[in-house]
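Peer 1: A predicted structure for the sequence below; I have some questions about it.
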Amino acid sequence: MKRNLLLILRALTGVSIMIALFWYYDFGQTVRLVLTLSGGSLLVAIGWFVLNTAISIGKWQLSLPIHVRFAMIARSYVTSYFYSLLPTGQAGAELGKIAMLSSRASLSSLATSVAFDKLTSVLALCLVGTFAWFFAPVELWMGLLVATGVLGCALAIVFAPTLRNLVQRWPLRLWLPVKFRIAVEDFLCALSSLTRRRDVVAKSLFLGLVSQLCLVGTYQALASALGVNLPIADLALFVVVANIATLLPISVGGIGIREASLVGLLTSAHISGDKALALSLSVFAVFLLGAAAGGAIELHQVLRAIRHRPQDA
């Protein structure tokens with residue numbers, strides 16, 4: 001009951017923020033700006049998004065067992081876009097990935113791969129923001145934010161083996177339920193093994209950096225078409241900060257939080273609120289195409305399961 005209430009509150013938070021944005025800014029003008037986007041600019045933005053997705057799938061594959069096929073990984077990853085729009089948000093998207101591959105690998109290895117992939121992705125995102133901050137004459141707090149993210153993720157990767165050892169030696173662990181204790185220890189053991197593989201960490205971080213640059217490319221393609229004229233370093237830093245804000249578990253899939261953050265940052269750089277909101281909604285529309293593809297895959301899976309369901313005698 002409490003969990004359902006929390007999900008409802010998160011959904012209401014996102015909806016309330018979006019309503020406030022549409023109320024404060026000229027919704028009609030925002031829509032007209034979005035409709036001025038040319039087919040070419042949309043195709044470029046979609047191309048960056050597709051490239052981002054493909055690279056992210058390859059990045060996740062690095063931390064998965066080698067016997068899991070790429071096609072299954074790709075299907076699971078794209079479907080997670082659809083699940084991220086449900087009330088469970090990003091947590092549901094990650095659980096959806098695990099559920100779709102549960103017949104191909106152990107739950108502990110899948111959970112570890114998802115956590116490791118998320119950790120290196122956030123590290124790459126913050127690194128992009130740190131690089132951009134050196135070239136963007138913006139507020140100091142943004143530089144401190146991305147630098148803190150880099151430090152936190154890097155420490156988590158470096159000290160994962162130490163954390164595993166501490167948990168295994170923690171006397172109070174014996175008071176925990178046996179299944180829960182074993183699950184935590186297995187997870188930390190698998191995560192420690194991944195973080196010790198320097199080749200996997202290096203490749204994941206490199207692919208993560210390329211993936212995040214593709215994300216910036218999506219924003220840049222739409223920003224140029226909407227007349228949001230900013231140096232690429234400034235735009236990249238704003239994109240990074242807005243996406244870091246979506247990590248806060250206070251809305252569904254970051255909806256509302258991303259838009260409010262991006263609009264606030266862009267308007268502080270003397271970009272009109274209508275253009276800022278139009279950019280955010282345009283990017284979200286591109287993401288919705290990915291979510292629609294994920295929903296189509298999930299619907300296909302459900303229909304196939306129904307067709308192959310054994311008939312009662």
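Peer 2: Okay, I see it. Since we're looking at a predicted model, the values are computed, not measured.

Peer 1: quick one: low-confidence parts of the chain?
Peer 2: In the predicted model of the chain, residues 1-4, 6-7, 87-88, 167-168, 170-176, 178, 180, 253, 309-313 satisfy pLDDT under 70.

Peer 1: show me the biggest helix of it in terms of residues.
Peer 2: With secondary structure taken from DSSP state H, the chain has its longest helix at helix 273-307.

Peer 1: pretty sure residue 147 contacts residue 132?
Peer 2: No. Between residue 147 and residue 132 there is no contact under Cβ atoms under 8 Å: 11.9 Å. Yep, even glycine has a C-beta here, placed from its N, CA and C like the rest.

Peer 1: Between these two, tell me which one has more neighbours.
Peer 2: Using other Cβ atoms under 10 Å, the more surrounded residue of residue 147 and residue 132 is residue 132, with 25 against 15.

Peer 1: before we move on, what SS does the more buried one have?
Peer 2: Under DSSP: H, G, I helix; E, B strand; the rest coil, the three-state class of residue 132 is helix.

Peer 1: Verify the stated contact: it with residue 240.
Peer 2: Yes. Using Cβ under 8 Å, residue 132 is in contact with residue 240, at 6.7 Å.

Peer 1: what's in contact with the host helix or strand of residue 57?
Peer 2: Taking DSSP states H and E as the criterion, residue 57 maps to helix 39-62. Contacting residues not belonging to helix 39-62 are listed as 68, 70, 73-74, 77-78, 113-114, 117, 120-121, 200, 203-204, 207-208, 210-211, 214-215, 217-218, 221-222, 224-225, 282-283, 286-287, 289-290 [Cβ atoms under 8 Å, 6 or more residues apart in numbering].

Peer 1: Show the buried residues in the residues you listed.
Peer 2: By neighbour count, with 16 or more other Cβ atoms under 10 Å, those hold 68, 73-74, 77-78, 113-114, 117, 120-121, 200, 203-204, 207-208, 210-211, 214-215, 217-218, 221-222, 225, 282-283, 286-287, 290 as buried.

Peer 1: Next, work out how far apart residue 156 and residue 211 are.
Peer 2: 19 Å (Cβ to Cβ, to the nearest Å).

Peer 1: From the structure, what's the count of residues near residue 165?
Peer 2: What residue 165 shows, counting by other Cβ under 10 Å, is a neighbour count of 12.

Peer 1: Sorry, slip of the keys, the one I care about is residue 59.
Peer 2: When neighbours are defined as other Cβ under 10 Å, residue 59 has 22 of them.

Peer 1: same question, the one 5 residues further on
Peer 2: Residue 64 has 24 neighbouring residues, counting by other Cβ under 10 Å.

Peer 1: so how far is residue 288 from it?
Peer 2: Using Cβ to Cβ, residue 64 is found at 27 Å from residue 288.

Peer 1: Do I have it right that residue 241 meets residue 264?
Peer 2: No. Checked against Cβ under 8 Å, the pair residue 241 and residue 264 is beyond contact range at 9.6 Å.

Peer 1: And these two? Which one has more around it.
Peer 2: Using other Cβ under 10 Å, the more surrounded residue of residue 241 and residue 264 is residue 241, with 25 against 15.

Peer 1: Next, give phi and psi for residue 32.
Peer 2: The phi and psi torsions at residue 32 (degrees, to the nearest 10) take the values phi -60, psi -40.

Peer 1: who are the neighbours in contact with it?
Peer 2: Residue 32 makes contact with no residue, according to Cβ under 8 Å, 6+ apart.

Peer 1: what about the helices in the stretch 151-300 of the chain?
Peer 2: 160-169, 178-196, 198-226, 232-245, 257-268, 273-307 (DSSP state H, counting those that start in this stretch).

Peer 1: out of those helices, nearest to residue 84?
Peer 2: Of all those, helix 273-307 sits nearest to residue 84, with 7.2 Å by Cβ to Cβ.

Peer 1: Which positions within that closest one qualify as buried?
Peer 2: Residues of helix 273-307 classed as buried under the neighbour-count rule (16+ other Cβ under 10 Å) are 273-283, 286-287, 290-291, 293-295, 297-298.

Peer 1: cool, stretch 125-136 as well?
Peer 2: In stretch 125-136, counting by 16+ other Cβ under 10 Å, buried: 125-133, 136.
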